[in-house]
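Asks: Return a 3D structure for these sequence lines:
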Amino acid sequence: MTVGARRATAASRRTAAVLSAVLAINAAVLAGASPAVASPVRAEAGPGFVDVDVPARADIRDHRVTIALLAPQGSEPSFAADEARRSLELVDEFYDRETNGAIRFELEQLLDWQSVDQPIGCSDTAGLHQWLRELIGWQGGAARHLVIMVPPGDPCPTWANGEQPGDPDDGGGTFQPGPDPYLLAHELGHNLSLAHASSIRCDTGWDYPAGVECPRDEYGNRTDMMGGAWSFLPLSSPTLARLGVLPNVREPVCGDARTAVLDSLGAGTPASRTLTWTDPENPDARYWVQYSDASDPVSGDGAWPSPWQAERTVSGVQILRSNPAQPYGGDLLERPGDTTEANEFVTAGETVALNSGMTVRVDEIDEIAHRATVTVTVPCADPTTVRDITGSAVATASYVPEWSSAAAAVDGDPGSMWSSWPRVGEQWLELTWGGPVTVERVSVALARDAADDEARGLIPPRAWRVERWDAATGRWLAVAGATFTPSRDESPGEVAFERVTTSAIRLVFDAWGEAEYTGSTGVADIAVFGGKAPPLVDPEPPVVVDPEPPVVVDPEPPVVVEPEPPVVVPGGSAVPGGSAVPGGSSAGTARGAASGVRSLAATGGAAPSAAIAVAALLTVLAGGGAMLARHRTPSRPRVQTTSPPHLAD
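Replies: Residues are numbered from 1 along each chain as shown. Sure, this is the predicted structure:
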């Protein structure tokens, strides 16, 4: 998959996509250079946010590079081999810092100037690669890279290119005029599966609604090495997410405005640099918010000053969104009507209106602490709206052979597939979302490369079913009310069922074969239809009013009136001077006021329930429109792009 040649004129720039991956850089590229930023302090997700886990994608740390200096016919050697060696050292330092050591480049072989003895034009990069491979017997493979450098200037081109596979570990070839380290870092970035970092500027607003075409500049992100930065500035958030090296990502809980502090991209991987979320009305559109500080590290403290390097004078917040032209693309949104270098920065006091009622406000920028305070508002999705939510799920499987991946079943490309070959029996694919979703329909396109009676290869399963994860019981349960549209060919078969709220579903396949190698299951594509569940809000605990204790008044002692001695009247009866009233009592009791207790339902905000809701919404980000959680898809066709050694025009 060839990607990367860069043309010198704006007219030749394609309005194609940009590969997504958001990350932040640690420091400058020059060895020993220290970042001009404060030491990062890890911030907690905080109220109103949930942590997002960006899955790792780079399984191989050490990438081996062979560099060959070639002089095609009509050209002459014009730079020293040590310049090429030094360029690779700078590139290694850059990716070491950007990925926190997850990706390193080491020189395997440096082939000094070789004259090409065949009539292969200097622009025939495929022909030069083939000639070189035959000359030195080079074999491609995982994390192996073949770099051709030719003399800059006529008859050689002014652009460079590089292969772009589907996985950071796949390796590939690159071509460039001269030993320029920035070009080398850019083209090796393509070998790591990175595409160009583009920008988009509309006339009516920062964002672009569905169906609206706005001018896109394929290299328009002037602060990303995969765009038009021409210096080793930090990679943007979608770029490092593509590599799977973006920690400490937060997602705002929908509903109310949420305020967060962002460290600058140059603060490095321990910092909290990124917010991300999906459009509540279009979950295929993922947004990223990051802070780019004017003091973020540049090209090695001047060790390699590029004449085309963008001048950094403005610090600001950047908003990027996934690119509909590519499943892993991303566009840097620019201020409408602004053609200055500052058009990609949202400054303090500015509010950006996005699609679906979303907003991003920059409250404060602190260029001393290298931090920005932002307030993000994301409305909650309508749970009754049904859409394809596959792209925001992370796929795993019961078994994956080396040549396949679970992500291939959910990447939207029917040319790639997940397979359990040679395994048989019950095999499963699991799709997990970062939070609760509603699901009501699943479509599956099965793969086949053999007839049923051939008992080999990939044969559609005898049956399959859909299960949902039940968090309350900790078990997988069959969906209720399932109705099938069965299919054992490559056209999609569909299962509809009663709408269910869950965070994961599992497709269980009963393989055709009864023994290994006699017919395994393959899935070319899955589509899951549903929506985002309403936010989890735990009811507030009732307010209990303790009853007042009864007020007890000790009885007063009876008043005893001693009878007066009888007045004796001579000749008469004795008459007492007082009398006791029958049934009467001289003792009184006051009854207390605690005649009952009311439970009052609280109506205000409750911090305890918010904390519980946040804990319940811990998310695992997936690839898809946002590029997150996609894994190896070696069968994907490679794409060709072009890249000029200068973007002066």
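
Asks: hey, where'd the helices end up in this structure?
Replies: Counting by DSSP state H, the chain has helices at residues 81-98, 125-136, 181-191, 237-243, 607-616.

Asks: what's the least confident stretch among the ones you listed?
Replies: The stretch with the lowest mean pLDDT among the helices of the chain is helix 607-616, which comes in at a mean of 26.

Asks: low-confidence ranges in the stretch 301-450 of the chain?
Replies: Applying pLDDT under 70 to the stretch 301-450 of the chain picks out residues 301-307, 310, 325-329.

Asks: quick one: the strands in it?
Replies: For the stretch 301-450 of the chain, the strands identified by DSSP state E, counting those that start in this stretch occupy 316-323, 329-333, 351-353, 359-366, 371-377, 387-388, 394-397, 418-419, 426-446, in order along the chain.

Asks: Adding mean neighbour count as columns, could you present these in TSV?
Replies: Where you see a C-beta, it was placed from the backbone N, CA and C, and this is true even at glycine. Converted to TSV, those look like this (neighbours: other C-beta atoms under 10 Å):
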stretch	mean neighbour count
strand 316-323	26
strand 329-333	29
strand 351-353	15
strand 359-366	18
strand 371-377	22
strand 387-388	16
strand 394-397	22
strand 418-419	26
strand 426-446	21
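
Asks: Figure out which of those is closest to P157.
Replies: With C-beta to C-beta as the measure, strand 329-333 is the member of the strands of the stretch 301-450 of the chain nearest P157 (25.8 Å).

Asks: what helices or strands is the closest one leaning on?
Replies: strand 198-200, strand 316-323 (3 or more C-beta pairs under 8 Å, 6 or more residues apart in numbering; DSSP states H and E).

Asks: how about JSON lines for these, with distance to T239 added?
Replies: Compiled in JSON lines, those are given as follows (distance: least, C-beta to C-beta, whole Å):
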{"stretch": "strand 198-200", "distance to T239": "11"}
{"stretch": "strand 316-323", "distance to T239": "9"}
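
Asks: Out of the ones you listed, flag the one nearest V249.
Replies: Checking the helices and strands packed on strand 329-333 against V249 by C-beta to C-beta gives strand 316-323 as the closest, at 13.1 Å.

Asks: Report the inter-axis angle for the closest one versus strand 371-377.
Replies: Calculated by axes from the mean of the first three to the mean of the last three C-alpha atoms, to 10 degrees, strand 316-323 forms an angle of 50 degrees with strand 371-377.

Asks: So which of the helices of the chain is nearest G266?
Replies: G266 lies closest, by C-beta to C-beta, to one member of the helices of the chain: helix 81-98, at 9.7 Å.

Asks: May I see the buried residues of the closest one?
Replies: For helix 81-98, the neighbour count (16 or more other C-beta atoms under 10 Å) marks 81, 84, 87-98 as buried.

Asks: of these, closest to A527?
Replies: A527 has its nearest neighbour among the buried residues of helix 81-98 in E98, at 34.5 Å by C-beta to C-beta.

Asks: I'd like the distance between the closest one and A397.
Replies: With distances defined as C-beta to C-beta, to the nearest Å, the gap from E98 to A397 amounts to 30 Å.

Asks: How about Y291?
Replies: For Y291, the distance to A397 under the criterion C-beta to C-beta works out to 38 Å.

Asks: do the same with A58
Replies: Applying C-beta to C-beta to A58 and A397 gives a distance of 20 Å.

Asks: wait, L265 sits on A294?
Replies: No: L265 is beyond contact range of A294, at 11.4 Å (criterion: C-beta atoms under 8 Å).

Asks: among the strands of the stretch 301-450 of the chain, which is nearest M226?
Replies: Using C-beta to C-beta as the criterion, the shortest distance between M226 and the strands of the stretch 301-450 of the chain is 10.1 Å, found for strand 329-333.

Asks: quick one: the closest one to chain centroid distance?
Replies: 14 Å (C-alpha atoms, centre = their mean, to the nearest Å).

Asks: again, but for stretch 414-433
Replies: From the chain centre to the centre of stretch 414-433 is a distance of 23 Å (C-alpha atoms, centre = their mean).

Asks: out of the strands of the stretch 301-450 of the chain, nearest to Q118?
Replies: strand 329-333 (38.1 Å).

Asks: For the closest one, list the C-alpha coordinates in CSV.
Replies: Below are the C-alpha coordinates for strand 329-333, written out as CSV (Å, rounded to 0.1, in the frame of the first residue of the first chain):
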residue,chain,number,x,y,z
GLY,A,329,-9.0,9.6,9.1
GLY,A,330,-9.1,12.9,11.0
ASP,A,331,-9.4,16.6,10.1
LEU,A,332,-8.1,19.5,12.1
LEU,A,333,-11.0,22.1,12.1
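
Asks: quick check: angle from that strand to strand 316-323?
Replies: Using the same axes, to 10 degrees: strand 329-333 against strand 316-323 is 140 degrees.

Asks: So A515 is in contact with G425, correct?
Replies: No: A515 is beyond contact range of G425, at 9.6 Å (criterion: C-beta under 8 Å).

Asks: Report how many residues lie close to the closest residue in space to V523 that isn't next to it in sequence.
Replies: What sits nearest to V523 in space, not counting adjacent residues and going by C-beta to C-beta, 6 or more residues apart in numbering, is A409, at 4.5 Å. A409 is flanked by 26 other residues according to other C-beta atoms under 10 Å.

Asks: Also E108?
Replies: Tallying neighbours of E108 according to other C-beta under 10 Å, which is how burial is gauged here, yields 15.

Asks: What residues does it make contact with?
Replies: Applying C-beta atoms under 8 Å, 6 or more residues apart in numbering to E108 gives the contacts 64-66, 144.

Asks: and which of the residues you listed is nearest T347?
Replies: The nearest one, if we look at the contacts of E108 relative to T347 and count by C-beta to C-beta, is V65, at 40.6 Å.

Asks: Give me the distance between the residue nearest to the closest one when sequence neighbours are not counted and T66.
Replies: Counting by C-beta to C-beta, 6+ apart, H145 is the residue found nearest to V65 once chain neighbours are left out, at 4.7 Å. Taking C-beta to C-beta as the measure, H145 and T66 are separated by 7 Å.

Asks: Neighbour count: those two, which is higher?
Replies: For H145 versus T66, neighbours defined as other C-beta under 10 Å are more numerous around H145 (24 against 18).

Asks: Okay, and the beta partners of the more buried one?
Replies: Applying DSSP bridges to H145 yields these beta-bridge partners: V65, G172.

Asks: pLDDT at it, what is it?
Replies: pLDDT at H145 comes out at 98.

Asks: Now do it against D382, distance only.
Replies: 47 Å.

Asks: any idea how this protein splits into domains?
Replies: Residue ranges of the domains in the chain are recorded as 2-14+58-191, 198-377, 387-532, according to automatic domain parsing.

Asks: tally of neighbours for the closest residue to S78 other than its chain neighbours?
Replies: Distance criterion C-beta to C-beta, 6+ apart; nearest residue to S78, sequence neighbours excluded, is P151 at 4.4 Å. Here the number of neighbours of P151 (other C-beta under 10 Å) works out to 21.

Asks: go on, the one 3 residues further on?
Replies: A total of 10 residues lie near D154 under the criterion other C-beta under 10 Å.

Asks: Please tell me how far it sits from S272.
Replies: 50 Å.

Asks: and what of P155?
Replies: 50 Å.

Asks: Look up which residues are beta-bridged to V352.
Replies: In this structure, V352 bridges to V360 when assessed by DSSP bridges.

Asks: dump the residue contacts of it.
Replies: Taking C-beta under 8 Å, 6+ apart as the definition, contacts of V352 comprise 206-207, 319, 333, 346, 359-361.

Asks: try L110
Replies: The neighbours of L110, taking C-beta under 8 Å, 6+ apart as the test, are 66-67, 81, 84-85.

Asks: Distance of it relative to G127?
Replies: In this structure, L110 and G127 are 22 Å apart, going by C-beta to C-beta.

Asks: and what of T158?
Replies: 19 Å.

Asks: Among P155 and S272, which residue is more densely surrounded?
Replies: The neighbour comparison of P155 against S272 (other C-beta under 10 Å) goes to S272, with 25 against 13.

Asks: Read off the pLDDT value for that one.
Replies: If you check S272, the pLDDT there is 90.

Asks: If anything else comes up later, I'll come back, but that's it for now.
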